[in-house]
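**Student:** Return a 3D structure for these sequence lines:
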Amino acid sequence: MNKWQEIKLGGLIDINQSSIGRNYEFENIRYYDISSIGTGVAEDPKNLSISEAPSRAKRIIKDGDTILATVRPGNRSFYYFKKARENDIASTGFAVISPKNNLIDNKFLYYLTSAQSFTNYLVSNEQGATYPAITPSVINRVKINLPPLPTQQKIAKILSNYDDLIENNLKRIKLLEESARLTYEEWFLRFRIDGKKLEID
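**Tutor:** Sure, this is the predicted structure:
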């Protein structure tokens, strides 16, 4: 680890690099608000026209970006966009974190900012009682131990493999649950087995 270096995260990233302006080219957006993002998971975004979108729909998301809730960061709302749509937009309640080229691996950056220790740091720097929040400067000034880029990529690959395994297993569980629900309805709600209606005394 002698090639690891302590460095401020702000020197490796851009935060909220792009926002919707007057010349935004799309008439419709896929909008991610706080209710759309959980801990490493994203629900389907809201499909809205620019005219009906809320004023908080501003942050443009690009491939490899991580979005991180700046309001109540202790709730751990964050997500990594491996491949973003051109009209993916995040609420201003998120920091959209983009890695600077060849300085930090985008997936390594995601795992770094989604670690519990990083969340603890954010919570310790919250401001406000009703809506505790952090500013981008809090993210920028955190010091991290950064390995060389090839090491970052190896670490990210290992963690990604675990994430993929978990995701596939969750999909299988969901399919099994759906199959069990349909079987239950067929047998016990419709009283049918092998296409024949059961007689209930």
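
**Student:** For Leu109, see how far away Phe94 is.
**Tutor:** Remark: distance between Phe94 and Leu109 (C-beta to C-beta, to the nearest Å) = 15 Å. Quick note: C-beta positions are derived from backbone N, CA and C, even for glycine.

**Student:** cool, Asp164 as well?
**Tutor:** For Asp164, the distance to Leu109 - C-beta to C-beta - is 18 Å.

**Student:** Tell me if I am right that Met25 is in a helix.
**Tutor:** Just to correct that, residue 25 is Glu rather than Met. No - assigned with DSSP: H, G, I helix; E, B strand; the rest coil, Glu25 falls outside any helix and is coil.

**Student:** And for it, the neighbour number?
**Tutor:** 7 (other C-beta atoms under 10 Å).

**Student:** who's in contact with Asp33?
**Tutor:** Asp33 is in contact with Lys46, Pro54, Arg56, Ala57, Ser91, Gly93, counting by C-beta atoms under 8 Å, 6 or more residues apart in numbering.

**Student:** Give the residue spans of the chain that score low on pLDDT.
**Tutor:** 1-2, 187-201 (pLDDT under 70).

**Student:** before we move on, the earlier item: ok, Asp164 and Leu109, which is more surrounded?
**Tutor:** Neighbours were counted for Asp164 and for Leu109 using other C-beta under 10 Å; Leu109 has more, 25 against 10.

**Student:** what about that one, helix or strand, and which?
**Tutor:** For Leu109, the host element (DSSP states H and E) is helix 106-113.

**Student:** After that helix, which helix or strand is next?
**Tutor:** Next along the chain from helix 106-113, counting by DSSP H and E, comes helix 116-124.

**Student:** could you give the angle of the helix holding Leu109 to helix 116-124?
**Tutor:** 60 degrees (axes from the mean of the first three to the mean of the last three C-alpha atoms, to 10 degrees).

**Student:** Let me see the residues that make contact with helix 106-113.
**Tutor:** The contact list for helix 106-113 (C-beta under 8 Å, 6+ apart) reads 9, 12-13, 64-66, 68, 78, 80, 97, 99, 118, 139, 144, 152-153, 155-157, 159-160.

**Student:** Let me know the distance separating Glu6 from Asn120.
**Tutor:** Distance from Glu6 to Asn120, by C-beta to C-beta: 18 Å.

**Student:** okay, which residue is most central for this structure?
**Tutor:** Tyr79 (0.9 Å; C-alpha atoms, centre = their mean).

**Student:** Report the secondary structure state of that residue.
**Tutor:** Once three-state DSSP is applied, Tyr79 turns out strand.

**Student:** how close does it sit to Thr39?
**Tutor:** In terms of C-beta to C-beta, Tyr79 sits 9 Å off from Thr39.

**Student:** Please apply the same query to Ser91.
**Tutor:** 17 Å.

**Student:** Same check on Lys174?
**Tutor:** Counting by C-beta to C-beta, the gap from Lys174 to Thr39 is 17 Å.

**Student:** And for Leu122?
**Tutor:** 14 Å.

**Student:** what do you get for Asn28?
**Tutor:** 28 Å.

**Student:** Ok, Glu52 next?
**Tutor:** The value you get for Glu52 to Thr39, if C-beta to C-beta is used, is 29 Å.

**Student:** Thanks a lot, catch you later.
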